[in-house]
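Asks: Below is the sequence, then the predicted model.
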Amino acid sequence: MHIVVCIKQVPATLDVRVDPVTHNLIREGTESVINSFDENALEEALRLREKFGGTVSVISMGPPQVREALRKALAMGADAAYLLCDRALGGADTLATAYTLAQGIRRLAPFDLILCGRHAVDADTGQVGPELAERLNLPQVTMVKKLECDGKTIVAWRECEEGTAVWELPLPAVVTVESKINTPRYPSPIGIVRSAKKPLTVWTAKDLDVDEDQIGLKGSPTRVLRLFSPQRTSHVEILPGEPEEAARALVAKLREQKVL
Amino acid sequence: MQEIWVVAETYQGRLAPVTLELVGKARTLASGAGGKVTAVLLGSRVTELASELIACGADTVLVADHPELALYRTLPYARVLTDLIEARHPDVVLFGATSQGRDLAPRLAARLRTGLTADCLDLSFDKDGLLVQTKPSYGDNVMVDIVIPRHRPQMATVRPHVFPAPEKDAGREGRVEVVPVHLEQADLVARVREVIAEVEEASKLEEADVVVAGGRGMGSKENFNLLYQLARALGGVVGATRPPVDEGWIDAAYQIGQSGKTIAPKLYIACGISGAVQHTVGMEKAKVVVAINKDPSAPIFNLATYGIVGDVREVIPALIAALGAHK
């Protein structure tokens, strides 16, 4: 079985603010990690490989420092890593990202399953998985909390408004996973040593045979107009006194407001 | 003229609340821009729901009724919507940011090669008639305004409860058009084996008029249990922020906020909750917010209508007693 896992490198902390003057993003700290849901996707791939044998490839698009995330994925147990890295790919929104990843994944064919995290914790869109499935013309199932596979079909449990829907799909397919699906392993010391010898291939736009109009900023239909901090103004009425007094005053106010 | 579409969502033969909220919002947007609102209703035996969509503000309801559309699956739904959008060219297509909308909208955006904004908290038209889509990012620490200047339709998923449910006008007139459904064999490769209904207490959280929620400041599982007494006295449901879930005081299904549920009760009582943005995005649509916290500088007070500065272990029993006295 050949499983491809898509990975995004994200900031370790989401503690960001918008500079009120320049409107630029102020990030606290510069450390980066693998998006947590993508670690769940990789863990699921490794478990399937343990069951069926085969290969797990990890792929990412981003600047050169994404090598670090891919090295960690190799240390966790992936067999090969691919980084799509080119200035021409910069500024991509989810549509351009999905197209570029699809072009990279086509080079890895044949494959049986593509696994992604349900969304990236920084941009919070959850769009790349389904967009990738469309670009690869594969069926999809998203936000999966439990997965079973017999090598030819998958059964996937996903939460929906009515409860849990159980889907059955033929492979190859694209699956995005929830954090509940598993607990990702830590890289073992021996895994870290072995990862140094595993292949990490970098592909540029030229290697990918991409249509220039569909990559990077040019291939992105969305534009960011502005960034701002959520605004909140306070109108709180503090009810003073001992707890009993404050509680009685509160009940009176709530009755006045007809919420009781 | 702006042609705004809302993709309706149904479950168990009823329209999803977010669908009605979106039709109401689309009506407001369309009225300001001289536009039209169309709801697209997909499913099996759903035609009779069209009148409710019209009562909420739709001018036209396109009904795609087919047995294969009974339960949501990505590919058949995407096929029907692609055919309709390519034939009729709406300017805007809106979805609820639900498990269905989040699955379907990006599939469709990629097929139509257009832009999509996820999880919007606000929508408006700018002076050039572009849809400005406001979405949170970085765990809701930052808001981003996004536009789709040149591609059509402009697509967005919108969080439930961010717009009010519209007043229904049963006398409103609109047009119901049943559209043909053409599915290909390739659209039917996925099968829904079953839907396991979970009629759990936690799902009542989203519909409850009164929610009593606890945070880290409750201190212990024993103290946390005070919330159930208060909820009972108020006829409400208990919810929580993330720390009580992590501590095992309450199940994750009751978590409110970014990685939990979004609620809009009439009364929300925050007990021992500091008010981190990851939580408040899930409750800021509550009508009346009461904050009980011993730290007067806790950010939750900025969101609150009424505040009591004090120890939850003293204030909650006092509140239960005061409620009893008034009955």
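Replies: Cool, got the structure.
Asks: Identify the residues contacting residue 229.
Replies: Picked chain A for this. A:17-18, A:20, B:141-143 (C-beta atoms under 8 Å, 6 or more residues apart in numbering or on different chains). Just so you know, the C-beta spots here come from the backbone N, C-alpha and C atoms, and that holds for glycine as well.
Asks: let's do chain B instead
Replies: Contact analysis of B:Gln229 by C-beta under 8 Å, 6+ apart lists B:316, B:320.
Asks: Just checking stretch A:243-260 against chain B, any contact.
Replies: Yes. Using C-beta under 8 Å from any C-beta of the partner chain, stretch A:243-260 reaches chain B at A:243-244, A:246-248, A:250-251, A:253-255, A:257, A:259-260.
Asks: neighbour-wise, which of these leads?
Replies: Highest neighbour count within the residues of stretch A:243-260 next to chain B: A:Ala247, with 26 neighbours (other C-beta atoms under 10 Å in any protein chain shown).
Asks: the longest helix in chain B is where?
Replies: helix B:17-33 (DSSP state H).
Asks: mind listing which of the residues of stretch A:243-260 next to chain B are in strands?
Replies: Judged by DSSP state E, the residues of stretch A:243-260 next to chain B include no members of strands.
Asks: Output the contacting helices and strands for the least confident helix or strand in chain A by mean pLDDT.
Replies: In chain A, no helix or strand scores lower on mean pLDDT, DSSP states H and E than strand A:25-27, which sits at a mean of 77. The contact analysis (3 or more C-beta pairs under 8 Å, 6 or more residues apart in numbering or on different chains; DSSP states H and E) places strand A:25-27 against strand A:16-18.
Asks: So is the strand it packs on next to chain B?
Replies: Yes. Contact of strand A:16-18 with chain B (C-beta under 8 Å from any C-beta) involves A:16-18.
Asks: give me every residue that touches whatever residue of chain A ends up closest to chain B.
Replies: Residue nearest to chain B within chain A: A:Pro221 (3.1 Å; C-beta to the nearest C-beta). Each residue near A:Pro221 by C-beta under 8 Å, 6+ apart is listed here: A:93, A:95, B:113-115, B:148-151.
Asks: now do 10 Å
Replies: A:93-96, B:109, B:112-116, B:147-152, B:154-155 (C-beta atoms under 10 Å, 6 or more residues apart in numbering or on different chains).
Asks: Give the helix, strand or coil label for A:Ile3.
Replies: With DSSP: H, G, I helix; E, B strand; the rest coil as the basis, A:Ile3 sits in strand.
Asks: any idea which helix or strand carries the closest residue to it other than its chain neighbours?
Replies: In space, and not counting its chain neighbours, A:Ile3 is closest to A:Ala45: 4.3 Å by C-beta to C-beta, 6 or more residues apart in numbering or on different chains. In this structure, A:Ala45 sits in helix A:36-52 according to DSSP states H and E.
Asks: in that helix, what counts as buried?
Replies: Of the residues in helix A:36-52, those buried under the neighbour-count criterion (16 or more other C-beta atoms under 10 Å in any protein chain shown) are A:37-49.
Asks: can those residues go into TSV with extra columns for distance to B:Gly129?
Replies: Formatted as TSV, the buried residues of helix A:36-52 follow (distance: C-beta to C-beta, whole Å):
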residue	distance to B:Gly129
A:Phe37	36
A:Asp38	38
A:Glu39	43
A:Asn40	41
A:Ala41	40
A:Leu42	44
A:Glu43	46
A:Glu44	44
A:Ala45	45
A:Leu46	50
A:Arg47	50
A:Leu48	49
A:Arg49	51
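Asks: Tell me what residue 155 is bridged to.
Replies: This is for chain A. Counting by DSSP bridges, A:Val155 forms beta bridges with A:Glu148, A:Glu168.
Asks: hmm, I had chain B in mind actually
Replies: Residues in beta-bridge contact with B:Met155 (DSSP bridges): B:Val93, B:Leu116.
Asks: what's the neighbour count on the one residue in the stretch 51-200 of chain B that gets nearest to chain A?
Replies: When C-beta to the nearest C-beta is the measure, the stretch 51-200 of chain B has its nearest residue to chain A at B:Gly115, with 3.1 Å between them. Neighbour count of B:Gly115, defined by other C-beta under 10 Å: 26.
Asks: Give me the phi and psi angles of it.
Replies: With angles defined as degrees, to the nearest 10, B:Gly115 shows backbone torsions of phi -90, psi 150.
Asks: which residue sits closest to it, ignoring its sequence neighbours?
Replies: Closest to B:Gly115 by C-beta to C-beta, 6+ apart is A:Pro221, at 3.1 Å.
Asks: Please state the backbone phi and psi of that neighbour?
Replies: According to degrees, to the nearest 10, A:Pro221 has phi -70, psi -30.
Asks: Show the low-confidence segments of chain A, by residue range.
Replies: A:28, A:232-233 (pLDDT under 70).
Asks: and with 80 instead?
Replies: A:13-17, A:20-30, A:230-234 (pLDDT under 80).
Asks: Let me see the ranges of the helices in the stretch 101-250 of chain A.
Replies: A:128-135, A:189-195, A:205-208, A:243-256 (DSSP state H, counting those that start in this stretch).
Asks: Restricted to strands, list the contacts of A:Pro221.
Replies: Short answer: those in strands (DSSP E) are B:116, B:147, B:154-155.
Asks: Would you mind putting those residues into JSON lines with pLDDT and neighbour count alongside?
Replies: Below are these laid out as JSON lines (pLDDT from 0 to 100; neighbours: other C-beta atoms under 10 Å in any protein chain shown):
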{"residue": "B:Leu116", "pLDDT": "98", "neighbour count": "31"}
{"residue": "B:Val147", "pLDDT": "97", "neighbour count": "19"}
{"residue": "B:Gln154", "pLDDT": "98", "neighbour count": "27"}
{"residue": "B:Met155", "pLDDT": "98", "neighbour count": "29"}
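Asks: Looking at these, spot the one nearest A:Val5.
Replies: B:Leu116 (23.4 Å; C-beta to C-beta).
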